[in-house]
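Peer 1: Fold the following and give me the result.
(one chain, ligands or ions: 1)
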Amino acid sequence: MGRALIALVLVIAACGSGETGEAVAQGPVGTPDEPRVISVRASEFRFDPDAIGVADGETITFEVTNSGSILHEFQLASAIDVANHGEGGDPPSTEKLSLRPGERGAITVTIDDAAFQFVCFVTGHYEAGMWGEFTIP
Ligand SMILES: [Cu+2]
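Peer 2: Here you go, the predicted model:
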């Protein structure tokens, strides 16, 4: 876990300097006005990184690249969404990205208690291990 968090900090630092061009003196927590940008790579059948440290209530823009060879999705899911996803399709109120191979998309979300995991709900992908989790320090 320590290793994953260190890698994440490096990714964030890289994104921050590239995005703003300004000093990153404000600290890492994203706000609705200034979301933190985190890059995520989707492939068969995993996300990289697969664990992301967040602050409760933080707003984050996920820039997701599909570097695999088939369609993948990215969305946040609560425990209930995960339990039900095979039954009735997608969670009703959840924004998601659907990315063909090589495509890139962005989604901005505010992390709350319901945001339990980030997942790909293309049939069979979650079961194959295509999900990641948030850690709130
Ligand atoms: Cu997938």
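Peer 1: mind checking the SS state of residue 85?
Peer 2: helix (DSSP: H, G, I helix; E, B strand; the rest coil).
Peer 1: Nearest residue to it in space, please, no chain neighbours.
Peer 2: Here the nearest residue to residue 85 in space, its sequence neighbours aside, is residue 121; by CB to CB, 6 or more residues apart in numbering that works out to 5.0 Å. The way it works is simple: take the backbone N, C-alpha and C, and place the C-beta from them, glycine included.
Peer 1: Go ahead and list the helix or strand containing the one you found.
Peer 2: Using DSSP states H and E, residue 121 maps to neither a helix nor a strand.
Peer 1: List the contacts of it.
Peer 2: Contact analysis of residue 121 by CB atoms under 8 Å, 6 or more residues apart in numbering lists 73, 75, 77, 85, 90, 96.
Peer 1: Please apply the same query to residue 133.
Peer 2: So residue 133 contacts 50-52, 116-118 (CB under 8 Å, 6+ apart).
Peer 1: check contacts around residue 136.
Peer 2: 53-56, 111.
Peer 1: Near the ion, which residues of this protein are found?
Peer 2: 72, 120, 122, 125, 130 (CB under 5 Å from the ion).
Peer 1: Could you give the number of residues near the third one?
Peer 2: With neighbours defined by other CB atoms under 10 Å, the count for residue 122 comes to 15.
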